[in-house]
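[1] Any chance you can model this:
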Amino acid sequence: MARLGGKAPAGARVGRSRPRVLPVRPLQSGAIGPDLPATGLSLEAAASPPHPSSLPHRVIPPDLSVVILNYNGRRWLPRCLESLRRQTLADRMEVILADNASQDGSDRLAQELIAGWPAARFVQNGGNFGYCEGNNLGARGARGRYLLFLNNDTYLAPDCLELLVAAMDRRQAGAASPQILNYQDGALQGYGRSGFDLFGYYSNQGDEAGVPRDLFIAPGCAYAIRTELFQALGGFDRELFMYVDETDLSWRVWIAGERVITVPEAKLYHWGAGASAPSTAEGPARFRTTEFSRFHTNRNALLTLLKNTEHLLLGVLVPMQLLSLLAESLFMLAVTRRPGFVWNAYGKALLGCWRLRHHVLSERRRIARFRQHGDLWMLRFARPVPERLLEVLRLFRQGLPSVDAATPPSPRAGA
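    Have a look, this model is predicted:
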């Protein structure tokens with residue numbers, strides 16, 4: 001599902017229709033007796049319980065609401081939706097396909113693909129709201145016990161969602177992710193992040209793939225969360241627009257005293273990472289980036305720490321991440337020789353944090369009201385080796401980074 005570009009306009013207010021409630025007339029003394037209206041029924045029949053078939057049908061809410069945010073995802077939608085139709089959980093889930101004003105006709109294609117599918121509905125967001133607010137709009141009115149925010153550049157093993165829901169019930173998790181495999185060849189792509197390093201970047205150091213465990217951060221391409229928890233946490237932060245959104249949400253899940261888990265027996269296939277840094281016959285391809293993605297990643301990573309840490313981690317991780325960004329910006333300037341790129345991707349990211357300072361303070365006050373775990377407790381996720389150092393080593397194996405033209409971002413179903 002394509003990651004989205006541009007500044008998010010103010011979203012239209014979405015409301016819910018209120019069911020009509022009929023007044024109930026109190027039962028009057030003596031209403032059953034000689035004054036009973038002549039209806040052709042005996043007194044015994046009138047006083048007996050109604051037959052079950054005459055009672056209103058009770059709608060049982062689904063176990064899972066799958067929210068797919070689409071933006072120019074014509075290439076991906078058919079396989080993604082077909083894999084959802086084939087789910088063993090299909091009779092206990094609903095599908096909400098929210099569109100961020102696609103320009104490639106995929107909004108019309110989506111409506112055609114779900115036509116005649118009672119458990120699926122289409123929501124036109126009416127603008128490009130980015131990943132965060134676009135998904136918030138899609139989740140409004142969801143009826144499932146759990147939400148799954150699913151990228152459209154995915155397809156799922158037939159039992160993926162049944163295993164995911166069962167594991168969340170059994171392990172009493174607030175949020176979860178299936179195991180993420182490569183779309184093309186089924187190789188392991190990832191399963192989220194298990195901790196953070198001294199610079200506030202996120203790490204999987206020392207973890208073994210395929211083992212059920214707690215995660216620090218579930219991946220955003222398939223993020224499952226209990227619906228009432230998502231609402232209580234305030235959903236995705238619309239100010240982030242896109243990138244690092246799952247990191248921010250996972251911080252809040254843990255802060256609220258809930259758990260994030262990986263469910264390795266549930267298999268999902270995702271294109272995204274392969275599209276942003278694909279391999280070639282000669283080995284890994286060169287690392288590519290854009291001003292848009294670097295700006296949002298740098299800004300949102302800092303905002304996440306500023307919002308969610310208390311005092312100890314705030315005083316350690318934020319200064320260390322600032323030092324890391326300074327070193328990285330100098331490295332990128334030396335490699336790309338493009339001062340404009342460095343300013344737009346790094347300098348403006350810091351200015352963006354400053355411009356959102358009132359939002360950060362408001363969020364810190366709001367998060368403090370539901371905080372169950374403080375900084376000392378969160379230290380259990382600290383990892384000793386700087387993740388950024390490992391990324392630099394991988395970068396040199398791939399070759400010097402390439403900065404692409406400032407084009408609208410590809411789908412997060414492709415980002």
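[2] immediately after the longest helix that the chain contains, which helix or strand?
    Assignment by DSSP state H gives helix 312-336 as the longest helix of the chain. Downstream of helix 312-336, the first helix or strand assigned by DSSP states H and E is helix 339-342.
[3] Mean confidence (pLDDT) on that following helix, please.
    Averaged across helix 339-342, pLDDT comes to 93.
[4] in that helix, what counts as buried?
    341-342 (16 or more other C-beta atoms under 10 Å). C-betas here are computed from N, CA, C, even on glycine.
[5] got a list of contacts for it?
    When contacts are defined by C-beta atoms under 8 Å, 6 or more residues apart in numbering, helix 339-342 is touched by residues 291, 294, 329, 332-333, 336, 403.
[6] The helix or strand just after that helix packs against which elements?
    Later in the chain than helix 339-342, the nearest helix or strand by DSSP H and E is helix 348-355. Judged by 3 or more C-beta pairs under 8 Å, 6 or more residues apart in numbering; DSSP states H and E, the packing partners of helix 348-355 are helix 291-308, helix 312-336.
[7] of all those helices, which lies closest to His359?
    Across those, His359 has its closest neighbour in helix 291-308 (8.3 Å, C-beta to C-beta).
[8] still on that earlier bit, just the angle for the longest helix of the chain relative to helix 291-308, thanks.
    Helix 312-336 and helix 291-308 are oriented at 170 degrees to each other (axes from the mean of the first three to the mean of the last three C-alpha atoms, to 10 degrees).
[9] What's the mean pLDDT across helix 312-336?
    Here the average pLDDT along helix 312-336 is 93.
[10] Could you figure out how far that helix is turned away from helix 348-355?
    Going by the same axes, to 10 degrees, helix 312-336 makes 150 degrees with helix 348-355.
[11] tell me which strands and helices helix 312-336 is in contact with?
    helix 291-308, helix 339-342, helix 348-355, helix 375-378.
[12] Kindly compare burial across those and name the winner.
    With neighbours taken as mean count of other C-beta atoms under 10 Å, the helices and strands packed on helix 312-336 reach their highest mean count in helix 291-308, at a mean of 22.
[13] how distant is that one from the center of its chain?
    How far helix 291-308 lies from its chain's middle: 16 Å, per C-alpha atoms, centre = their mean, to the nearest Å.
[14] Repeat that for stretch 240-253.
    8 Å.
[15] Pull the residues that contact that stretch.
    Contact with stretch 240-253 is made by 3-4, 7-8, 130-133, 174-175, 193, 202, 215-220, 223, 225, 229, 233-234, 236-237, 259-260, 293, 296-297, 300-301, 303-304, 307-308, 367, 409, 412, as judged by C-beta under 8 Å, 6+ apart.
[16] Would you mind giving the domain segments of the chain?
    64-276, 279-403 (automatic domain parsing).
[17] Look up how far Gln124 lies from Asp107.
    7 Å (C-beta to C-beta, to the nearest Å).
[18] which residues do those two both contact?
    99, 101.
[19] higher neighbour count, those two?
    Taking other C-beta atoms under 10 Å, Asp107 and Gln124 do not tie; Asp107 has more neighbours (22 against 15).
[20] these two touch, right, the more buried one and Leu113?
    No - using C-beta atoms under 8 Å as the test, Asp107 is too far from Leu113 to be in contact (11.0 Å).
[21] can you list contacts of the stretch of helix or strand Ser83 belongs to?
    Per DSSP H and E, Ser83 falls inside helix 77-85. For helix 77-85, the surrounding residues in contact (C-beta under 8 Å, 6+ apart) are 66, 68, 70, 90, 93, 95, 97, 106, 109-110, 113-114, 117, 120, 150, 152-156, 158.
[22] rerun at 6 Å
    95, 110, 113, 152, 154-156 (C-beta atoms under 6 Å, 6 or more residues apart in numbering).
[23] Neighbour-wise, give me the winner out of these.
    Going by other C-beta under 10 Å, Asn152 tops these with 30 neighbours.
[24] hmm, back to that, which strands and helices sit next to the helix or strand following the helix holding Ser83?
    For helix 77-85, the following helix or strand on the C-terminal side (DSSP H and E) is strand 93-99. The contact analysis (3 or more C-beta pairs under 6 Å, 6 or more residues apart in numbering; DSSP states H and E) places strand 93-99 against strand 64-70, strand 120-124, helix 130-139.
[25] pLDDT (mean, whole number) over strand 93-99?
    97.
[26] could I get it in CSV with only the CA atoms?
    Extracted as CSV, the C-alpha positions of strand 93-99 are listed here (Å, rounded to 0.1, in the frame of the first residue of the first chain):
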residue,chain,number,x,y,z
MET,A,93,-14.2,-10.8,10.3
GLU,A,94,-15.0,-7.6,8.3
VAL,A,95,-12.9,-5.8,5.8
ILE,A,96,-12.8,-2.0,5.6
LEU,A,97,-11.1,-0.6,2.5
ALA,A,98,-10.3,3.1,3.0
ASP,A,99,-9.1,5.1,0.0
